[in-house]
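J.: Quick one: sequence and predicted model below, then my questions.
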Amino acid sequence: MSRWARLLPWGLLTLAVGCAHAPVLAPETAARLAATPGGYLSGEGKALEPGPLLNNKDFVWSIAFAPDSTRVAYTHLGAKSYQLALWALGSPPTLVSDNAINRYEQDLEAVAFSGDGALLATAGRDGQVRLFDGATGAPQGQILLEEPLTAVAFHPEGRALVVGSAQGLLTVLSVPQLAYVYEVRAHGDAVSALAFAPDGTLYTGSWDKHVRVWSSREETLRPAQARARFERRGGFAVVRGAVNGKAQAVFALDGRTPAILLDTKTATEAGIDVAFLKDTLTVPTALGNSVAPLARGQSLRFKTLRVEGVDIAVCDACVPAGTQGVLGAPFTGRFEISFDEAHGEAILAAKEGTSGDVGQMQGWVLAPGADYAFEGHVNDVTVDARGQRLGVAFSEQKAERTRTVYEREKKNIEEPQAPFNAGALVDAASGRLLQKWSGPRGVVSTASISPDGRSLAVGGWDKRLRVFTEGQAQPWGERAFGWSVRRVRFSPDGRWVGVAAWTPQNPVGDQESDPAAALFEVRYASPTVGRR
């Protein structure tokens, strides 16, 4: 008998991974829900009924439902790499794809569906943002950003994606191109959550104990400045940029060099046919002058800064080791370069009279609004279907897996209970706490608000899922897990609660262990159907 079958408190003895599930929703209510565009169940929850078990072998990090609640995706630590699993929630559920994403060393923190369900996005601590087809899981593109990533969300309009970093940076990318549009240093610590309301208002949560509110709007942008991550190599400050929107290059900043340079390999990747270049430029090197082919009228991009009409000389011998190019005098003559050592960023700003060389683009920007400060670290933020209430997860200590935490777990010592180890319903317009539940012990890592804004599902390091409803002190739904609960999410139609959890891994036999990705159907006392 598998370890799964021995988990009597779950009452799931007849279930297996991906098995069929007997629904609890009355047929007439299910039909009304299916016939209501943007519809969701509303009412007082009565119980959590066991639904499909999707994974009982791995560490599962994050989980997301498609907008129509017919698919679910989760990120998990597979046998050799982090994976993105996509399931279709039929009867029985079927695994559509399970893509290998990145190496063990870099956590795959976040996953999100676009508003129409056509795309999936992931963000991880390797700095990569990746797009996938929301129906098939097929890869659609990726971009490497400059900081470890911890959160991701699509704008409701679908043409923009926002990612949050471990250092408090918000970056807006165009969809599906994944081009830089806008960025802002929004928080003083890791961005723990991003949640868009239907009207495009963005709520961002952070370990700096703040939830911040941002309005989004589409503008014609002509950025004349960018903040690019830099480091020092071989006596040079180096930054990364894109050439012709096709190739990524690490550039050394050197105003003494009389040209902008690329090596042959990167030039070819950027679409420059080096063999057919007719113009040349003489470039001094350590071994004497070198005659380099010259490609005229190229473009460079550093995050949101686009520079048009650039002449690039192609010369392998002219490029310092460990780089693919040099930003020489033609660049430094047009842009002032300064350094923010505190954040490790080079600030590239167009000099007066040179802004005409900077390209323009259409894109979404974020304007700061309200700032809600709390007593606990913010670990998760979700928003209800009407954008009126937030579900927020708090902890009195940062949600970091320290040695102290592991030692307590190994010795079966309960995590401490504290007022702000809690989940809460929060008024989105004012930041006022409407109701807070402090029952869980230790870090509350996740909180998902129901579509109707009345209930809150929470989970954390005490290995439990609990579901509360406003006005009640005790949960009406509770389930135990083998290890930490990482993320919980109500489905957009309010029918399901999905859980992403770690599980003690079992290297022998069938390798089955405790539940790690599991769905529960919500049994309502008297459900009604609401509409967004």
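T.: Yep, it's here.

J.: And for Gly453, the neighbour number?
T.: Neighbour count of Gly453, defined by other CB atoms under 10 Å: 23. Where C-beta positions appear, they are placed from N, C-alpha and C, glycine not excepted.

J.: So it versus Asn412, what's the distance?
T.: 37 Å (CB to CB, to the nearest Å).

J.: With Gly235 instead?
T.: Distance of Gly235 to Asn412, given as CB to CB: 54 Å.

J.: now swap in Trp61 and tell me
T.: From Trp61 over to Asn412 the distance is 24 Å, taken as CB to CB.

J.: Pro419 now?
T.: With the distance defined as CB to CB, Pro419 ends up 24 Å from Asn412.

J.: When the two are compared, which one has more neighbours?
T.: Neighbour count, other CB under 10 Å: between Pro419 and Asn412, Pro419 has more, with 11 against 6.

J.: So Glu409, which state does it fall into?
T.: helix (DSSP: H, G, I helix; E, B strand; the rest coil).

J.: which parts of the worst-scoring helix or strand of the chain on mean pLDDT are buried?
T.: Using mean pLDDT, DSSP states H and E, the weakest-scoring helix or strand in the chain turns out to be helix 403-410, at a mean of 78. For helix 403-410, burial by neighbour count (16 or more other CB atoms under 10 Å) applies to 405, 408-409.

J.: and if you look at stretch 62-80?
T.: Buried residues in stretch 62-80, counting neighbours by 16+ other CB under 10 Å, are found at 62-69, 71-78.

J.: And stretch 283-299, by the same measure?
T.: Applying a neighbour-count criterion of 16+ other CB under 10 Å, one finds 283, 290, 292-295, 298-299 buried in stretch 283-299.

J.: Flag the least confident of the residues you listed.
T.: Across the buried residues of stretch 283-299, the bottom pLDDT score, 90, is held by Ser290.

J.: Might you report the residue contacts of it?
T.: Shown in contact with Ser290 (CB atoms under 8 Å, 6 or more residues apart in numbering): 282-284, 315, 317-318.

J.: same thing but at 10 Å, please
T.: Neighbouring residues of Ser290 by CB atoms under 10 Å, 6 or more residues apart in numbering: 280-284, 313, 315-318.

J.: The helix or strand containing it pairs with which strands, parallel or anti?
T.: Ser290 belongs to strand 288-302 when assigned by DSSP states H and E. Each strand that pairs with strand 288-302, with its direction, by DSSP bridges: strand 236-243 (antiparallel), strand 280-285 (antiparallel), strand 305-314 (antiparallel).

J.: Val499: neighbour count?
T.: If you count neighbours by other CB under 10 Å, Val499 ends up with 27.

J.: average pLDDT for the helix or strand hosting it?
T.: Applying DSSP H and E as the criterion places Val499 in strand 496-501. Averaging pLDDT along strand 496-501 gives 98.

J.: same deal with stretch 76-83?
T.: Mean predicted confidence for stretch 76-83 is 91.

J.: For it, which outside residues touch it?
T.: With CB under 10 Å, 6+ apart as the test, stretch 76-83 has contacts from 54-55, 57-63, 74-75, 84-85, 97-109, 122, 124-126, 500, 502-503, 505, 511, 516-517.

J.: now it, how far from the centre of its chain.
T.: Taking the mean of its C-alpha atoms, stretch 76-83 sits 17 Å from the chain's own mean (CA atoms, centre = their mean, to the nearest Å).
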